[in-house]
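J.: here is my input, please return the structure:
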Amino acid sequence: MSAVLHGLGRFGLHLLRAWLDRPDGGIDIVAIQDAHHSLASAAALLQQDAKVSFADCRIAAEDGALRLDLPGRQPLRLAYWHGPAAGSPWLGRADWWLECSGDFASGEAARAFLRGRTRRVIVSATCPGADQTLVFGYNHEHFDRRAAVLSYGSCTVNAFVPLAAWLHARYGVAEAEVGVIHNVPPHRLAGHPHPVRRPCTLQTEGPRLLPFLAAERFHVDYVLIPYTGPSLIDFRFELARPAAAAALLDALQAACSTGPLRGLYALEAGTPSTAALALRPESAVLSRPLARLHGRRLVLPAGFDNENSAVRYLDLLEAVAQRGG
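T.: So this is what the prediction gives:
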């Protein structure tokens, strides 16, 4: 499936790295469009980024393209366009438009890219007005081929929804809370000198995606802090049916290791430092020593590399491609 990647910010950079690591995933990124980075700036970004490493690639800017030489593979040339999306020569020239810029996160805005050959826009954010919101590991198998604008949810949506659905299937979830301590990208750090509470799209998307979760029984406390590393996310559930703590955590461990949550979550025997969470592919990394169950109230502290939620986005892209997307 040919695709244009729109946006080489933090999410797009992580997506590009994950895509390079999966050469047989069925997705063919043929061009990158970015309003902020020139071709030379993009090449320098890939060579110098402090977190996402492209050290295994020889990178060059040549003839309007990023050239990436990886060991044992044919040289890869990605056409590059620097400028507003509306002026991109790649509009309508690929099957999919990968909307990762953050600037077109509504169904109405995203539909502007449905022209020519392009029949689908996949938005890397919650997207009011999207035809479908598909969370990999939860409802991605319900992809409707008539859907032209898809949303993958968000980093917090992906971190919460499959876990909540699994718990509900086993124990029932009567209500839930999520606490998020979220980072900011390095280039926005100067504009966020203090912690600040913000609305989180998970607040509305959680009950919308999970029919068992009443809006009045769900709350998200989201705090943006002046910090650029991986983020923290804690889950609190009121279970409908009683459970023994050890048995519940053993079942969760099995689900994360070999069951339906495999690859989506990890339940660690220790408590990973935030630095150790960098580039982890899981939607959330749970700490067994910090987990606790008091009566029917379950608390699961976790951390996640919210920027690397791009891995879930890529999972979704591949799943949709396999279904004739």
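J.: just confirm residue 67 is within a strand.
T.: Yes. Counting by DSSP: H, G, I helix; E, B strand; the rest coil, residue 67 is found in a strand.
J.: give me the element the closest residue to it other than its chain neighbours is part of.
T.: Nearest residue to residue 67, sequence neighbours excluded (C-beta to C-beta, 6 or more residues apart in numbering): residue 60, at 4.5 Å. C-beta here means a position set from N, CA and C on the backbone, and glycine is covered the same way. Counting by DSSP states H and E, the element that carries residue 60 is strand 58-62.
J.: what's the neighbour count on the residue nearest to residue 67?
T.: 15 (other C-beta atoms under 10 Å).
J.: what sits against it?
T.: 43, 66, 67, 69 (C-beta atoms under 8 Å, 6 or more residues apart in numbering).
J.: what's the burial count for the second one?
T.: Okay, so that is residue 66. 22.
J.: repeat that for the first one.
T.: Residue 43 is surrounded by 20 other residues when neighbours are defined as other C-beta under 10 Å.
J.: ditto for residue 179
T.: 16.
J.: how about residue 50?
T.: Residue 50 has 7 nearby residues by other C-beta under 10 Å.
J.: with residue 54 instead?
T.: 19.
J.: in a helix, that's where it is, yeah?
T.: No. Residue 54 is assigned coil when assessed by three-state DSSP, not a helix.
J.: now do the residue nearest to residue 67, the pLDDT please.
T.: Here the pLDDT value assigned to residue 60 is 96.
J.: now stretch 67-76: mean pLDDT?
T.: Averaging pLDDT along stretch 67-76 yields 94.
J.: quick one: contacts of that stretch?
T.: So stretch 67-76 is in contact with 20, 23, 46, 54, 56, 57, 58, 59, 60, 61, 77, 78, going by C-beta under 8 Å, 6+ apart.
J.: list the buried residues in it.
T.: In terms of neighbour count (16 or more other C-beta atoms under 10 Å), stretch 67-76 has its buried residues at 67, 68.
J.: flag the shaky bits of the stretch 1-150 of the chain, pLDDT-wise.
T.: For the stretch 1-150 of the chain, no stretch has pLDDT under 70.
J.: what segments of it are strands?
T.: Counting by DSSP state E, counting those that start in this stretch, the stretch 1-150 of the chain has strands at residues 2-6, 28-34, 58-62, 65-69, 76-82, 96-99, 120-123, 132-133, 149-151.
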